[in-house]
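S.K.: Kindly return the folded structure for what I paste below:
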Amino acid sequence: MTAAAERGTTTVTGRAVRRIAERAAYEAPPGAGAVRATRSAVSVRGRRARVALRVTLPYPVPLAETVRGVREHVAARTGELSGLDVARARIEVTALSPVGPAPAPAGAKPSGAGRAPRRLWSARRFPVAVLTASAAVVCALLAADLVLVRAGGRPAAAWRVRAVDWLAAHGPGDPSVLAAGVLTGLLGLVAVVLAVTPGLRGRATVRTPAPRVTAAVDRGAVEG
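M.R.: Modelled structure (predicted):
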């Protein structure tokens, strides 16, 4: 009789584990079919598997408790059916779906299923206000002095004369000019980074059926 260890090996592919995890999410509380997986990712290494799911939850439900239940059910059920060690499942909520059918608003276009909404961008009012106010003050002072000189025949303001004299006496290699250039470059780099990177990373956006409505929840409540 052949020993069990010599009869061959069984390999569970990532695709099979992904299907199992998606079905487990569908079976998870608060009820069969209430939770729907819109996207999944699975990594299988040996006898261990890592599962990550993006799901749609029914609304209204307590998010923290529901996500915890879905996470525990997906990990336990996937491990039971695949025979792999699924220590933890990562769950990310990307949409909330009202319980029961809801009439679609007139002219509303259906949103793409499975596509996560764009992350919220912070207004960044403080840096914008500081930059705008500084530029406005400098431009206003310069414009007022030029108008007084050209229209009123007054001599240039003392601060503008001193600024011109200082710039005439200090070239590009002067340490003070170099330091000012480096500082200006760093401020410009910070402004570019603020402009091209989204903010509010502590909040996750969710898709809603209503048009022109953006919703967000704290990531700590919906991510595991």
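
S.K.: Please identify the buried residues of the lengthiest helix in the chain?
M.R.: Counting by DSSP state H, the longest helix found in the chain is helix 125-152. Applying a neighbour-count criterion of 16 or more other Cβ atoms under 10 Å, one finds residue 145 buried in helix 125-152. C-beta coordinates here come from the backbone N, C-alpha and C atoms, glycine included.

S.K.: With stretch 29-40 instead?
M.R.: Result for stretch 29-40 [16+ other Cβ under 10 Å]: buried residues 34, 35, 36, 37, 38, 40.

S.K.: mind listing which of those residues are in strands?
M.R.: 36, 37, 38, 40 (DSSP state E).

S.K.: what's the pLDDT at the second one?
M.R.: Per-residue confidence at residue 37 stands at 90 (pLDDT).

S.K.: I figured it was touching residue 21, is that so?
M.R.: Yes: using Cβ atoms under 8 Å as the test, residue 37 is close enough to residue 21 to be in contact (7.4 Å).

S.K.: helices and strands around the longest strand belonging to the chain, which ones?
M.R.: Longest strand of the chain, by residue count under DSSP E: strand 48-59. Using 3 or more Cβ pairs under 8 Å, 6 or more residues apart in numbering; DSSP states H and E, the elements in contact with strand 48-59 are helix 14-27, strand 36-45, helix 63-82, strand 89-98.

S.K.: would you turn those into a markdown table with distance to residue 197?
M.R.: Output for the helices and strands packed on strand 48-59, formatted as a markdown table (distance: least, Cβ to Cβ, whole Å):
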| stretch | distance to residue 197 |
| --- | --- |
| helix 14-27 | 31 |
| strand 36-45 | 24 |
| helix 63-82 | 26 |
| strand 89-98 | 20 |
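
S.K.: circling back to that earlier point, out of the ones in strands among the buried residues of stretch 29-40, what pair is the most spread apart?
M.R.: Using Cβ to Cβ, the two most remote members of those are 36 and 40, lying 11.2 Å apart.

S.K.: Now the longest strand of the chain: buried residues?
M.R.: For strand 48-59, by 16+ other Cβ under 10 Å, it's 49, 50, 51, 52, 53, 54, 55, 56, 57, 58.

S.K.: List just the nearest of the residues you listed to residue 179.
M.R.: Looking across those and measuring by Cβ to Cβ, the closest to residue 179 is residue 52, at 47.8 Å.

S.K.: re the thing from before, average pLDDT across the longest helix of the chain?
M.R.: Rounded mean pLDDT across helix 125-152 is 85.

S.K.: Mind giving me the packing neighbours of that helix?
M.R.: helix 175-196.

S.K.: The helix or strand just after the helix it packs on pairs with which strands, and in what direction?
M.R.: Sequence-wise, the next helix or strand downstream of helix 175-196 (DSSP states H and E) is strand 203-206. Take DSSP bridges as the rule and strand 203-206 pairs in its sheet with strand 215-218 (antiparallel).

S.K.: CA atoms only: put the partner strand into CSV for me.
M.R.: The C-alpha trace of strand 215-218 is given here as CSV (Å, rounded to 0.1, in the frame of the first residue of the first chain):
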residue,chain,number,x,y,z
ALA,A,215,-19.1,60.3,0.7
ALA,A,216,-16.1,59.4,2.8
VAL,A,217,-15.5,57.4,6.0
ASP,A,218,-12.5,57.0,8.3
